[in-house]
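**Q** Build the 3D model from these lines:
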Amino acid sequence: MSYQSYPNQPHNQPHNQPHNQPHNQPLNSNDRIKKVQEQTNTVIDIMKQNVDDSVRRGEALEHLEQKTITLESKSNEFATGSRKIHRLHRCIYYRNRLIVLLLIISVIVIILAIAGVFNK
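**A** Residues are numbered from 1 along each chain as shown. Down below sits the predicted model:
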């Protein structure tokens with residue numbers, strides 16, 4: 001957030017002394033009106049800039065909120081997909097273990113059959 005200060009603002013001067021005038025010369029009413037009008041225009045410009053900055057920040061926040069919603073949706077999809085893949089890999093792992101176990105049993109049965117253990 002950028003705040004701007006007023007140009008030609010008198011600091012540490014008496015309230016009845018103008019900033020750019022020598023202490024012994026008073027301002028006439030036209031100069032005072034002109035000076036107040038310049039200050040008013042400066043304040044209006046600063047306020048317009050602050051409103052524009054606020055609107056831009058609001059638009060950026062809306063864009064960020066939309067990205068957050070999309071990211072949350074994608075992360076839920078990823079979590080669901082990863083659980084499905086984990087289950088699939090677990091099934092494949094146990095299926096492969098079962099196949100290896102059946103092959104070992106088959107080999108043992110074939111060896112025993114060749115050795116004549118079942119011929120009694």
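**Q** chain center to stretch 81-95: distance?
**A** 34 Å (CA atoms, centre = their mean, to the nearest Å).
**Q** That should have said stretch 41-51, apologies.
**A** On CA atoms, centre = their mean, the centre of stretch 41-51 falls 29 Å from that of its chain.
**Q** what comes up buried for that stretch?
**A** Within stretch 41-51, the residues that qualify as buried are Thr42, counting by 16 or more other CB atoms under 10 Å. Placement of C-beta: from N, CA and C, glycine included.
**Q** Tell me where the chain has helices.
**A** For the chain, applying DSSP state H gives helices covering 29-115.
**Q** what stretches of it score poorly on pLDDT?
**A** 1-27, 120 (pLDDT under 70).
**Q** Nearest residue to the middle of it?
**A** Nearest to the geometric centre of the chain sits Leu64, at 5.5 Å (CA atoms, centre = their mean).
**Q** so how far is Ile105 from that residue?
**A** Computed as CB to CB, to the nearest Å, the Leu64 to Ile105 distance reads 61 Å.
**Q** Repeat that for Thr42.
**A** Taken as CB to CB, the span from Thr42 to Ile105 is 93 Å.
**Q** separation between Leu88 and Leu71?
**A** Applying CB to CB to Leu88 and Leu71 gives a distance of 26 Å.
**Q** Ok, Asp31 next?
**A** 59 Å.
**Q** between these two, who's got more neighbours?
**A** Asp31 (13 against 10; other CB atoms under 10 Å).
**Q** Phi first, then psi, for Val117.
**A** Main-chain torsions, Val117, degrees, to the nearest 10: phi -70, psi -30.
**Q** now swap in Phe118 and tell me
**A** Dihedral angles (degrees, to the nearest 10) for Phe118: phi -90, psi 0.
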